[in-house]
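S.K.: Need the 3D shape of this:
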Amino acid sequence: MSETSARSSSWADLANPTRFMTLADRLVPWLVGIAAVVLAVGLYMSFTAPEDFQQGITVRIMYIHVPFAWLSMMCYSVMAISALGTLVWRHPLADVALKAAAPIGAVFTALALITGSIWGKPMWGTWWVWDARLTSVFVLFLMYLGIIALTRALDDVTRAAWAAAVITLVGFINIPIIKFSVDWWNTLHQPASVFRLDGPTIDPSLLWPLLVMAVGFTVLFFALHMMAMRTEIRRRRVIAMRRMAARRADS
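M.R.: Next up, the predicted model:
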């Protein structure tokens, strides 16, 4: 078997819902365990890290707020890739991945907005300002809610999948706006301080706890995503079985 054929076979195997369920059953416990350990280490490092000379103890909100904000964008990026899988590659599990990721992304985005407001009150003197970064993240939250509502409003799975995929790809334009909003406009939100061409501007004593927390929440996201995908596959199987039973009863 050629290398190309082997890749195609592996892709087809992963597209099989039954094989995916088997893989998820094996991976989810490991992912949850790894996430728990990494987050426990990250929380310990966060509480023992020094206070910031300007922000004081309130800087500790950064260790959960920043990972929530990162994951709000990463989750939507996963949805955009899934949307391409639906529209371009016709992958059987692409729509499942998109639909399963939307509620998780909405929760992470809501937590990013809430923790950002809590952090902003002592720093800016207000809970909320309609600057570019905060407004674009709020728009992202509304987009998550819209996609969730759309996928639940249409009974036809195929129509819902295509509609959600198109809207997700159109809405992806908001992700670079969120990322570069602090560079394009004058905002209260601080500019990028971790992923910079000239290197991070955060002191290593504050940077390492942040990175550990980010890794822990990222692993947790993938665990939650696989669990949600399993639930969605089972839900669709139940619906299909009920429809078959109804057809048999009618005939």
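S.K.: low-confidence ranges in the chain?
M.R.: Along the chain, the parts satisfying pLDDT under 70 run over 1-15, 192, 194-201.
S.K.: The residue sitting nearest the centre point of it: which element?
M.R.: By Cα atoms, centre = their mean, the chain has its centre lying nearest to Cys75, at 2.2 Å. Under the criterion of DSSP states H and E, Cys75 resides in helix 62-87.
S.K.: in that helix, what's buried?
M.R.: For helix 62-87, burial by neighbour count (16 or more other Cβ atoms under 10 Å) applies to 62-76, 78-87. Yep, even glycine has a C-beta here, placed from its N, CA and C like the rest.
S.K.: ok, back up a step: for the residue nearest to the centre of the chain, give me its contacts.
M.R.: Contacts for Cys75 were tallied using Cβ atoms under 8 Å, 6 or more residues apart in numbering; they are Ala101, Ile104, Gly105, Phe108, Phe221.
S.K.: Not counting sequence-adjacent ones, nearest residue to it?
M.R.: Among residues not flanking Cys75 along the chain, Gly105 sits closest, at 3.4 Å (Cβ to Cβ, 6 or more residues apart in numbering).
S.K.: Run through the neighbouring helices and strands of whichever strand or helix holds that neighbour.
M.R.: Counting by DSSP H and E, the secondary-structure element that holds Gly105 is helix 94-124. Secondary-structure packing of helix 94-124 (3 or more Cβ pairs under 8 Å, 6 or more residues apart in numbering; DSSP states H and E): helix 62-87, helix 132-153, helix 157-171, helix 204-250.
S.K.: Compute the inter-axis angle for the very next helix or strand once past the shortest one and helix 62-87.
M.R.: It stands for helix 157-171. Toward the C-terminus, helix 157-171 is succeeded by helix 174-184 as the next helix or strand (DSSP H and E). Between helix 174-184 and helix 62-87, the angle comes out at 140 degrees (axes from the mean of the first three to the mean of the last three Cα atoms, to 10 degrees).
S.K.: Could you tell me which residues make contact with the closest residue to Val59 other than its chain neighbours?
M.R.: Leaving aside its sequence neighbours, Val59 sits nearest to Asp52 (Cβ to Cβ, 6+ apart; 3.9 Å). Asp52 makes contact with Thr58, Val59, Leu206, according to Cβ under 8 Å, 6+ apart.
S.K.: What is the nearest of the residues you listed to Leu113?
M.R.: Each of the contacts of Asp52 was checked against Leu113 using Cβ to Cβ; the closest is Thr58, at 17.0 Å.
S.K.: how near is the residue nearest to the centre of the chain to Gly56?
M.R.: The gap separating Cys75 from Gly56 is 31 Å, by Cβ to Cβ, to the nearest Å.
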